[in-house]
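**Q** Prediction below, plus the sequence it came from.
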Amino acid sequence: MSTPGCPPLLARFDVFEVDFRAGELYKAGRKIKLQVQPFQVLAVLLERPGEVVTREEFEKRLWPGDTFVDFEHSLNTAIKKLRQALGDDKKKPRFVETLPKRGYRFIGTVEHAARVPTPERATTATSRVGRVAKLCSESQLSFTLVSVDEETATEREKLDAASDDVGLSLLIASQRLLMVPNGTQVRILEVHPTHSRCQVRILDGEHYGKTAVVPLKQLADLT
């Protein structure tokens with residue numbers, strides 16, 4: 001259980017582990033791909049396991065009044081993607097129960113815990129600093145989109161989750177997202193605490209010398 005006065009960093013249920021700080025979901029130790037909004041929905045449900053979280057509460061927490069989206073569609077989509085990630089069945093749920101016209105309830109057994117970084121994890125992160133790697137896109141594109149700072153990286157995650165191509169185009173037009181060819185060499189300057197992103201310096205091409213924030217999964221051939 002979590003320490004009183006200290007918010008939990010981890011939640012475990014069944015074979016799953018949720019790292020709230022990193023925004024990551026693991027199944028039996030393997031990272032499961034989950035977009036930002038479904039993860040946020042899961043985090044809200046895990047705050048109050050066994051209790052009903054109403055649709056109105058979700059709207060206030062995750063879609064504030066100045067956000068112009070179709071809330072009903074967005075929440076339904078987020079719940080659907082969350083169930084897919086958990087392998088959950090809407091008709092016979094093990095984790096996320098639907099209460100028609102009211103909201104949702106997490107019905108699994110949850111254990112909260114605070115994680116203390118182990119020396120091994122810290123050493124792994126430190127060992128990457130100073131190394132040279134190559135950028136690689138997860139898609140079939142010939143380039144990788146990299147963010148100029150942490151704020152842009154976070155904003156991009158939200159736009160990706162909302163499939164907002166217009167918003168991404170605006171970030172590219174304002175040079176907050178850089179289009180860097182795959183294979184471009186970068187030097188790792190810093191690995192952020194979550195271990196999911198790092199700051200790099202671009203070593204060749206049009207953006208030579210600039211720094212950027214890149215997910216570790218977009219780096220290959222570390223030397």
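**A** Perfect, I can see it now.
**Q** and the protein, what are its domains?
**A** 10-113, 119-220 (automatic domain parsing).
**Q** I'd like the next helix or strand past the lowest-mean-pLDDT helix or strand in the chain.
**A** Taking mean pLDDT, DSSP states H and E as the measure, the chain has helix 119-128 as its least confident helix or strand, at a mean of 52. Moving toward the C-terminus from helix 119-128, the next helix or strand (DSSP states H and E) is strand 132-135.
**Q** Each with direction, which strands does that following strand pair with?
**A** Next to strand 132-135 in the sheet, as set by DSSP bridges, lie strand 185-191 (antiparallel), strand 219-220 (antiparallel).
**Q** what does it contact?
**A** 144, 146, 180-188, 200, 203, 214, 218-223 (C-beta atoms under 8 Å, 6 or more residues apart in numbering). The C-beta positions use only the backbone N, C-alpha and C, and glycine is treated the same way.
**Q** how far is that strand from where the chain is centred?
**A** Relative to the chain's own centre, strand 132-135 is displaced by 22 Å; criterion: C-alpha atoms, centre = their mean, to the nearest Å.
**Q** what pLDDT, on average, does that strand get?
**A** The pLDDT scores in strand 132-135 average 90.
**Q** And stretch 44-59, by the same measure?
**A** Here the average pLDDT along stretch 44-59 is 92.
**Q** What of stretch 77-90?
**A** On average, stretch 77-90 scores 94.
**Q** what about residue 197, distance to residue 212?
**A** For residue 197, the distance to residue 212 equals 10 Å [C-beta to C-beta, to the nearest Å].
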